[in-house]
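# here is my input; please provide its structure:
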Amino acid sequence: MISNKTVKSLIAGLGLSLSAGAFAQTIALDKVVAIVDNDVVMASELQQQMAMISKRLESQNTELPPQDVLRDQVLEHLIRERLQLQMGQRAGVDISDQEINQAMGRMAASGGLNMEQFQQQLWSDGMSMAQFKERLRREMLINRVQKGSVNRRINVSDQEIDNFLESQEGKFWISPDYQLGHILIGLSAGADEETVDDAKTKAESLSQRLNDGANFKELAIANSNGQMALQGGDLGWRKTSQLPSLLAEAVPNMKKGEVSEPIRSDAGFHILKLYNQRGGEETIVEQSKVRHILVKPSTILSDKEAFEKITHIREELEAGADFNELAKNHSEDIGSMLSGGDLGWSTPGQFVPEFEATMNDIEVGKVSEPFRSQFGWHILKVDERRQQDFTDTVIRNQAANIIRKRRFEEELPNWLQEIRDEAYVELKINKIAAN
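Got it, this is the predicted structure:
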């Protein structure tokens, strides 16, 4: 029989607030529906999840499955969730309050809500802020466990990247996106020479007016025969493969803000405006050749003492001591200490924000003031800076990410089934269907 203490901890895990009387009633009515390794799933949680999913499906006008089918599906989901949470706990995975609050802020902003409105929306959905935070914490922890466990099973080779980039699909995905405006001065198939000349003159006049600063959308609404005329000729974001061949040939040679000369096709004369472009441009990155010394607070070295130690090391450097020697003798970054703290040439996003900000701000040859990151107290020195063309690296990274995401989606169900098969699960209600 499960203890009162265990039930209390499970209820706390759901973020519920119950009076003593209500808690006593829960003890009498609640029961274990599944044992999952060292944890349990309670009937109250199963019922709560079923009610929430039923409400969502009804709001979407989706027909509910039979209750026993829904129950089995929800219970299986809770079992797999428990297994992943236990894996995260064993691995020491933690989601901080700051991460939770940042995630909630992004969710509220994406819905155009402030936090007060967001909380009101939760209440209207029958959920308190505490419940939502706990639910979000679990989902973020599970997501982190999945990424860590599944990504270790995925290796994307250079050959796979090459094959993808050479395929039609690969060329489509990595090709630039263009935000375009379009005006069409239309012509019928049997238009005579005079009609064609008049259309050409009109198109040339419009092109000149646009280059003189006229509003493209206003002219498109008033003059274009294109399908998007009433939307100001806005074609949105398009890849060249999504454009007629004549237009696809013209766009890559245009600059942002440029208006094309009239382009003749069987449909008439086209005028394009390139509003914006993303991708396909040369990627020049400033790199820093950086070295650092790290001192970590510990059970025997307080944060204050770690700060004092790194400050003393910096004073020695300012007095002329050798950075390499001090890094070898004092740095606690195992990966760089033996090479005198050398981290090599940086790439954007390689380091934590505090490190990157200090590295970008400091002059070449200077030693930074001590600064704190999640790893401890640092000082750093930038030996050199250079401009490096990362265009090919960016393209290959994009391709690798596309391949990795697909492989992740393929591998995730296999991994989930493996951890389910290896776990000890004892059902206390009717057996759910075998997978």
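
# CA atoms for contacts and neighbours, from now on please.
Will do.

# just give me the neighbour total for Asn151.
16 (other CA atoms under 10 Å).

# identify the residue nearest it in space, chain neighbours excluded?
Phe408 (6.8 Å; CA to CA, 6 or more residues apart in numbering).

# now that neighbour: how far from Gly148?
11 Å (CA to CA, to the nearest Å).

# then Gln287?
From Gln287 to Gly148 the distance is 29 Å (CA to CA).

# would it be right to say that Trp237 lies in a helix?
No. The assignment for Trp237, made by DSSP: H, G, I helix; E, B strand; the rest coil, is strand rather than a helix.

# which residues of the stretch 251-400 of the chain fall in helices?
Ranges of helices in the stretch 251-400 of the chain, per DSSP state H, counting those that start in this stretch, are 303-318, 323-330, 334-337, 353-361, 391-422.

# which of those sits closest to Gly88?
helix 391-422 (13.0 Å; CA to CA).

# check which helices and strands that closest one sits against.
Contacts defined by 3 or more CA pairs under 8 Å, 6 or more residues apart in numbering; DSSP states H and E place helix 391-422 against helix 67-91, helix 129-151, helix 158-166, helix 168-174.

# next SSE downstream of it?
Using DSSP states H and E, the next helix or strand after helix 391-422 towards the C-terminus is strand 425-427.

# can you list the strands that that following strand pairs with?
strand 32-36 (antiparallel) (DSSP bridges).

# run the angle between the strand it pairs with and helix 391-422 for me.
Counting by axes from the mean of the first three to the mean of the last three CA atoms, to 10 degrees, strand 32-36 lies at 120 degrees to helix 391-422.

# quick one: mean pLDDT over the helix or strand following strand 32-36.
Using DSSP H and E, the helix or strand that follows strand 32-36 in sequence is strand 39-42. Averaging pLDDT along strand 39-42 gives 92.

# ok, and what's touching strand 39-42?
30-35, 78-79, 82 (CA atoms under 8 Å, 6 or more residues apart in numbering).

# for it, which strands pair with it and how are they oriented?
Applying DSSP bridges, one finds strand 39-42 paired with strand 32-36 (antiparallel).

# restricting to C-alpha, output the strand it pairs with in PDB.
Provided in PDB are the C-alpha atoms of strand 32-36 (Å, rounded to 0.1, in the frame of the first residue of the first chain):
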ATOM      1  CA  VAL A  32      -2.100   3.100  -7.900                       C
ATOM      2  CA  VAL A  33      -2.900   2.200 -11.500                       C
ATOM      3  CA  ALA A  34       0.700   1.400 -12.600                       C
ATOM      4  CA  ILE A  35       4.100   0.800 -11.000                       C
ATOM      5  CA  VAL A  36       6.900   2.100 -13.200                       C
END
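
# how far does it sit from its chain's centre?
34 Å (CA atoms, centre = their mean, to the nearest Å).

# any idea of the mean pLDDT for it?
Averaging pLDDT along strand 32-36 yields 92.

# contacts for it?
2, 40-43, 79, 82-83, 423-429.

# cutoff 7 Å now
40-43, 79, 82, 424-429 (CA atoms under 7 Å, 6 or more residues apart in numbering).

# generate a PyMOL selection restricted to the buried entries among the residues you listed.
Only the buried entries of the contacts of strand 32-36 go into this PyMOL selection, using 16 or more other CA atoms under 10 Å:
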select buried, resi 40+41+42+43+79+82+425+427
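
# same list (the contacts of strand 32-36) but as a markdown table, adding distance to Leu247.
Output for the contacts of strand 32-36, formatted as a markdown table (distance: CA to CA, whole Å):
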| residue | distance to Leu247 |
| --- | --- |
| Val40 | 62 |
| Val41 | 60 |
| Met42 | 62 |
| Ala43 | 62 |
| Ile79 | 55 |
| Arg82 | 55 |
| Tyr424 | 62 |
| Val425 | 61 |
| Glu426 | 64 |
| Leu427 | 63 |
| Lys428 | 66 |
| Ile429 | 64 |
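
# dump stretch 342-360 to CSV, restricted to CA.
C-alpha atoms of stretch 342-360 as CSV (Å, rounded to 0.1, in the frame of the first residue of the first chain):
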residue,chain,number,x,y,z
ASP,A,342,44.3,28.0,-25.6
LEU,A,343,40.7,27.6,-27.0
GLY,A,344,41.7,28.1,-30.6
TRP,A,345,39.8,30.1,-33.1
SER,A,346,36.2,30.9,-32.0
THR,A,347,33.0,30.4,-33.9
PRO,A,348,29.8,32.3,-33.2
GLY,A,349,27.7,30.7,-30.5
GLN,A,350,30.6,28.4,-29.4
PHE,A,351,30.8,29.8,-25.9
VAL,A,352,28.3,30.8,-23.2
PRO,A,353,26.9,34.3,-23.6
GLU,A,354,29.0,35.8,-20.7
PHE,A,355,32.3,34.4,-22.2
GLU,A,356,31.3,35.5,-25.8
ALA,A,357,30.4,39.1,-24.7
THR,A,358,33.7,39.6,-22.8
MET,A,359,35.7,38.1,-25.7
ASN,A,360,34.0,40.4,-28.3
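
# list the contacts of the top strand by length along the chain.
Ranked by residue count and defined by DSSP state E, the top strand of the chain is strand 376-389. Identification of contacts with strand 376-389 by CA under 7 Å, 6+ apart yields 283-297, 306-307, 310, 359, 364-372.

# state the distance from the nearest residue to Asp303 once chain neighbours are set aside to Gly105.
Spatial nearest neighbour of Asp303, excluding adjacent residues (CA to CA, 6+ apart): Pro297 at 5.0 Å. According to CA to CA, Pro297 and Gly105 sit 31 Å apart.

# coming back round to it: quick one, which of Gln287 and Gly148 is more surrounded?
Gln287 (17 against 12).

# correct me, but the more buried one touches Trp345?
Yes. Using CA atoms under 7 Å, Gln287 is in contact with Trp345, at 6.0 Å.

# out of the helices and strands in this structure, which is least certain?
helix 4-13 (a mean of 33; mean pLDDT, DSSP states H and E).

# what about the residue lying closest to Ile284 once chain neighbours are set aside, neighbour count?
Spatial nearest neighbour of Ile284, excluding adjacent residues (CA to CA, 6+ apart): Asp389 at 4.6 Å. Counted by other CA under 10 Å, the residues lying close to Asp389 total 12.

# max pairwise distance over the contacts of strand 32-36: which two?
The widest separation within those (CA to CA) is 18.7 Å, between Ala43 and Tyr424.

# ok so, going back, to Leu326, which of the helices and strands packed on helix 391-422 lies closest?
Comparing the helices and strands packed on helix 391-422 by their distance to Leu326 (CA to CA), the top pick is helix 67-91, with 33.5 Å.

# who touches the closest one?
Counting by CA under 7 Å, 6+ apart, 36, 46, 50, 141-142, 145, 420, 432 sit against helix 67-91.
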